[in-house]
Every structure is written in structure tokens, then in C-alpha cells.
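**Student:** Fold the following, please.
(one chain, ligands or ions: 4)
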Amino acid sequence: MVNITLDGKKLQVRDDSTILQAARENGIIIPTLCYLEGLNEIGACRVCLVEVKGQHRLVSSCNTKVREGMEISTRSEKVRMARRLNVELILSQHNCNCPSCPRNGNCQLQKVAAQLGVNVELYPKKFRQEFWDNTFPLNRDETKCIKCMRCIQVCDQVQNMHVWDLVNTGKRTRVGMVQNTCTLCGQCITHCPVAALSARDDTEKIWNALSDPEKIVIVQPAPAVRTAWAEETGLPREQAAPEKLAAALRHLGFDYVFDTNFSADLTIMEESAELIEHLKSNGKYPVPMFTSCCPGWIRFLKKEYPEMVGHMSTSKSPMSMFSAIAKSYYAKILNVAPEKIVCVAVMPCVAKKYEADVPEVNSDPGIKDTDYVITTRELVRMLKVANVDISKLNPEPFDKPLGEGTGGAVIFGTTGGVMEAAVRNAYYMLTGKNPPDPDNFIQWKWLDRWRETEVTVAGVTVRLAVTSGLGCARDLVEAIKNGSVHYDFVEVMACPGGCSGGGGQPIHEGEELAWARGNYLRDLDKRSKLRVSYENPYIQELYKNFLDKPLSEKAEHYLHTNQTDWSID
Ligand code: SF4
Ligand code: SF4
Ligand code: SF4
Ligand code: FES
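**Tutor:** Ligands and ions are numbered 1, 2, ... in the order given. The predicted structure is shown next:
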């Protein structure tokens, strides 16, 4: 510990802390812009300046360590003037079209400028914008980039993809895409403090569909959406129950409000049957089998390890299975042509926009299974446009038959959930009984970059591994390739923490909420009456009336795909 004086207060603080950390731990707010704890502590923006007695130059508090006897002022006139000047200079190169900006109200630059009382229009502005393909699911607005380099660090250090870097020098320096390896995980978007990176906005297409009287518009929210959709309103997670989400979606005008949980159960039925077939095949299939519900992971594998794509389960993701069933089975129930149905998916994900556009994922020629994908953030924007007051909504049930899911389905939204749900179901398929204690049935050994375990059911031993985040995924794939580890079934989600921390989820400056959101999904699972996917009565009905059984010819047609054929450009 060291003794310091902070704004006249004598304090004892950890000797390894920065001035910023010491201030925060003692309730003193210092504005920051480029800082990301543990990832980006490069002192680029100079917004966090403070004055240290005896030092002529102001110092950046985010990367200056405390020292014994330091006397620091965080709000002297010199500090306030310098911070304001620095923000004004940043704004002089920033397109301040706040009213139409996707980050309006959730922008760190806007917040800091307001805190410092900065006039945004002091200097004449000239912007340069390199060409950007606006059909790509990740959108880049260079006129907003403040060159904080957070995207570079997240993509390098967490995701290990090295897509962004500084290009040019001097006044011409900019942040640009230097490699064509983007997986569309969206982690650079959720860590950008402004709207220089965002997901493609598809909300207008949804409004148009909703106002078309000829169309039947159905919606499916993903498991992870229900844990994050109300965060901006400040409503506690527990009060923003899934049934309130159903009410909100109905309020927007969707004709049928279904649930991706339904098709997560369906994915489990197919994937666990596939796993058992692999285990019993005596070397016919490559080992291990990889989960296939995360398009960020699929893009990663196709770009970085194309020789391993054959390890993927052929089961489509819950989103794509849902849409395939909606335009076949459900179209028959409604007695309408599939073309009359518009399938909208609300996802925590940017890469799902790509998945929906992959031609090979569609079941029948000429029919696009998933018409549009919007992120959780886009849904929140639509609710704002429609003036929906979430706190006043009464809970409403999801529609039947595609709106019911088990506890096994809801944990798809958090890392390890797909694996757990698949193994629960495989246990039933091998023994005819449910696992005795679904919560403690799998005991994980946590390693540095992934977790692993072995489960033996009815004499069959399965070696399992789970990881999330592409940096960890790369280490795991390398270990599998060089033979230092051996597994039968591996779950990978591209975003750290899984879809709860997805690139399409609400953004909170300086907070990583993937684990808190995931814990809520695990609570929902624990509270579910049905915990194992085969128990879903509507899934049983679907097999009885339409698909016959898992891996049947019809199931293969509607629910499986060959990722080797997917184009990733
Ligand atoms: S979306 Fe993911 S892989 Fe692509 S640039 Fe951003 S962080 Fe990197
Ligand atoms: S794109 Fe965003 S995160 Fe990247 S340097 Fe620009 S402002 Fe920072
Ligand atoms: S982890 Fe989830 S949110 Fe992230 S890319 Fe994969 S599917 Fe999308
Ligand atoms: S936040 Fe400290 S220099 Fe940017």
C-alpha cells in the first residue's frame, strides 16, 4: 500500500494501482475514452488527465501508477481546460450527427463531452471515408472513428484475429481493416466507444414487412436476447421476464411470436443423435465433433482451419432450423404458401446476419428461410421508436406450437449450454431415463483456456471440451491438431462467455456482462419444469406429424447443412 493525497483527501491505496483505479476505488470519477481495463491502456485520448504536484506536465491517469506521497488533483482548472481542449480536438474530427446516430444516448464521447460542457462545433470539419460495402453485416463509419484503438486490441488480444490496425502515418493515420479474416463476432463493435463500428441496420426492412398486409410476419428471439433486452431501461433482469419480451414483440405488430428456444430443443435432438452416431461409428467420422450453432466459429474455422470443417456437426443452428420448420411444417398448418411468411430473428449476434444470407442454409430452392435478422440492440431501437414502455407491459405467453422450449434450450445462450443440453438428451437416448441431477451431472475441470471432462453413460465414455472467445478457440484447435488433447465432442462459441456476451447485445461502457446474463439463463433453466429437450411436447408432435425421427431423410433435408459449401466472403 502507498499513501497519496487525492483532491485533498489522504488515502491509502494499492501500490500497483493506477491513479485512475485508485480514484475509482475511492468514488472519484475521472472521464475516460480510450481506456479498456487490461486491454487498452495506451494513453491515446488524454481525456483522463490529472495534475500531480511537482510535475509540470499533466499525466494520463489510466496508465500512470501511484507513488508514495503523490499529491494529485483531478479537477483543477488546468486539468479541466486540458481535458476540454482534448475533447474539442477529438470532436473536430468526429461526425457529430448525434440525432441519427445508432449510439445516440449510449456514446462515451457524447457523455464525456456533456460532462465537460464542450461545444461540438468549434472547428470546421473535413471527413474522409474509405469505401465500405454496406451490405456487409459489420458497418464501419470512418467519420466517427476517434482512433482510440480499442477495436485493434480486442480483435488482437481477445479474439486473436488481427483484423484492424493503424494504417498510414502522421496526419493521414487511420484505423483500417488490414486482413480479410473477420469472423463477424462483433466484439470490436461492443468495445468501440462511439458508432465508428456498428451492425448493419435492418430495422427498416422489418417495419416494411410489418406494414405489408399480404405478409404473415413471425418472430423468434434467441435464448440470450431475453437476458439483455431490457438493460437500457434499468428494469432488473428478473422483472423483464421472457413473457414480457413476448408481449413487447406482439406490441410491435408481429403476427406470431415464437421462440428460438423451441428450435434449440430441435437442434439438440438432431445434434445428440448425430453425436451418438459418431461415437458408435468406429472411425467413420472425424473426431472430435464440433458444435455448429455459432456462425462466428464457423467463419473462424473456415478461414483459419479449413481442413477441420469436416469436424462440424451438420446440424443447422436453432435460428436456421426454426425458419426451415416455419416455412414448411408451420406453413402447412396455416395452409399458406411459404412465400407468404416472413421469418424475422432477433439475435444477440452480428454473424447471424451473415448466416441468414448463406444460400446453402436454405432448405428449398427459391425460398429464403430466415428473411431478416436484427440484433438485440436493433430490437431495443424498434421498441423506442414504437414508444413501448416495458415496465408497463403485462407478461403474455409465446404462441404455439413453435414457442415452447425446455431448460436445456435456454442455456444455449451461455457458454457450455449447448454441450450440457446435448449430453442431457444423449443420456436419455442411451438409457431411456433422464439424467439424475441435471445441474451436477457434468463436473468440469477448468483449464487455463478451456474446460474438459469425461462422462460415461450406458458404458459409452464421451470426452468433452468447452471454450468461448476465438483466442481460446485457436489454442484448443491447435492442441487437438497437434495431438496433445483428445476429445469426442467440443463446443465453441466465438464470443467470450457465449451469446450472452454476443456482438449484438446492448453495450455498457467498461462493463462485461456476459457472465451475469448467463447466470440468469441458468436460473431460468433451473426453474423450468422440463429440462431435457426430448420432453418438449411440441418437438414430439413435430417428429410425429412431420419429421418422423432425428436424422430421418426429412430431418436431413430441413435441419442439416454442409458448412464446407458455405461461402464466407
Ligand atoms: S467482428 Fe470480431 S473478428 Fe471481426 S474485426 Fe471485429 S473483433 Fe475482429
Ligand atoms: S473504430 Fe471505434 S474502437 Fe476502433 S479506433 Fe475507431 S473509435 Fe476506436
Ligand atoms: S457466440 Fe453467439 S453471438 Fe457470438 S458469434 Fe457465436 S452465435 Fe453469434
Ligand atoms: S482514457 Fe486515459 S488516455 Fe484515454
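
**Student:** State the number of residues packed around the closest residue in space to residue 182 that isn't next to it in sequence.
**Tutor:** Closest residue in space to residue 182, ignoring its immediate chain neighbours: residue 163 at 5.0 Å, by Cβ to Cβ, 6 or more residues apart in numbering. Placement of C-beta: from N, CA and C, glycine included. Counted with other Cβ atoms under 10 Å, the neighbours of residue 163 add up to 21.

**Student:** ok, residue 128 to residue 163 distance?
**Tutor:** 20 Å (Cβ to Cβ, to the nearest Å).

**Student:** ah, wrong one, I meant residue 292
**Tutor:** 23 Å.

**Student:** For ligand 2, what is the nearest residue in the stretch 201-350 of the chain?
**Tutor:** With Cβ to the nearest ligand atom, the shortest gap between the stretch 201-350 of the chain and ligand 2 falls at residue 350, namely 14.5 Å.

**Student:** Could you list the buried residues of the longest strand anywhere in the chain?
**Tutor:** Under DSSP state E, the strand in the chain containing the largest number of residues is strand 460-468. The neighbour-count check on strand 460-468 (16 or more other Cβ atoms under 10 Å) flags 462-468 as buried.

**Student:** ditto for stretch 358-372
**Tutor:** 358, 361-363, 367-372.

**Student:** Ligand 3 versus the residue nearest the centre of the chain, what's the distance?
**Tutor:** In the chain, the centroid-proximal residue (Cα atoms, centre = their mean) is residue 502; its distance is 0.7 Å. Residue 502 sits 3 Å away from ligand 3, going by Cβ to the nearest ligand atom, to the nearest Å.

**Student:** and that residue, what does it touch?
**Tutor:** With contact set as Cβ atoms under 8 Å, 6 or more residues apart in numbering, residue 502 has these partners: 186, 224, 347-350, 376, 495.

**Student:** Name the nearest residue to residue 76, ignoring sequence neighbours.
**Tutor:** Nearest non-adjacent residue to residue 76 (Cβ to Cβ, 6+ apart): residue 51, at 5.0 Å.

**Student:** check which helix or strand covers that neighbour.
**Tutor:** Residue 51 is part of strand 49-52 when elements are defined by DSSP states H and E.

**Student:** in its sheet, what does that strand sit against?
**Tutor:** strand 59-60 (antiparallel), strand 71-73 (antiparallel) (DSSP bridges).

**Student:** buried stuff in the longest one?
**Tutor:** So that's strand 71-73. So, applying 16+ other Cβ under 10 Å, buried residues of strand 71-73: 72-73.

**Student:** what does it contact?
**Tutor:** Everything outside strand 71-73 that qualifies as a contact, by Cβ under 8 Å, 6+ apart, is 4-7, 19, 23, 50-54, 61, 79.

**Student:** Number of residues surrounding the nearest residue to residue 39 once chain neighbours are set aside?
**Tutor:** Spatial nearest neighbour of residue 39, excluding adjacent residues (Cβ to Cβ, 6+ apart): residue 153 at 4.7 Å. Counted by other Cβ under 10 Å, the residues lying close to residue 153 total 20.

**Student:** Now do the contacts for residue 153.
**Tutor:** So residue 153 contacts 36, 39-40 (Cβ under 8 Å, 6+ apart).

**Student:** okay, it: pLDDT?
**Tutor:** We have a pLDDT of 97 for residue 153.

**Student:** in what helix or strand does it lie?
**Tutor:** Going by DSSP H and E, residue 153 is part of helix 150-153.

**Student:** any idea how far the residue nearest to residue 182 is from residue 350?
**Tutor:** On the measure of Cβ to Cβ, residue 163 and residue 350 end up 13 Å apart.

**Student:** So residue 22 sits against residue 15, correct?
**Tutor:** No. The pair residue 22 / residue 15 is not scored as a contact, 10.0 Å apart, by Cβ atoms under 8 Å.

**Student:** joint contacts of those two?
**Tutor:** By Cβ under 8 Å, 6+ apart, the residues touching both residue 22 and residue 15 are residue 66.

**Student:** Could you check which of those two is surrounded by more residues?
**Tutor:** Using other Cβ under 10 Å as the criterion, residue 22 and residue 15 rank with residue 22 on top: 24 against 14.

**Student:** Roughly how far does the residue of the stretch 401-550 of the chain at minimum distance from ligand 4 sit from residue 471?
**Tutor:** The nearest approach of the stretch 401-550 of the chain to ligand 4 comes at residue 510, 10.6 Å away (Cβ to the nearest ligand atom). Using Cβ to Cβ, one obtains 21 Å as the distance from residue 510 to residue 471.
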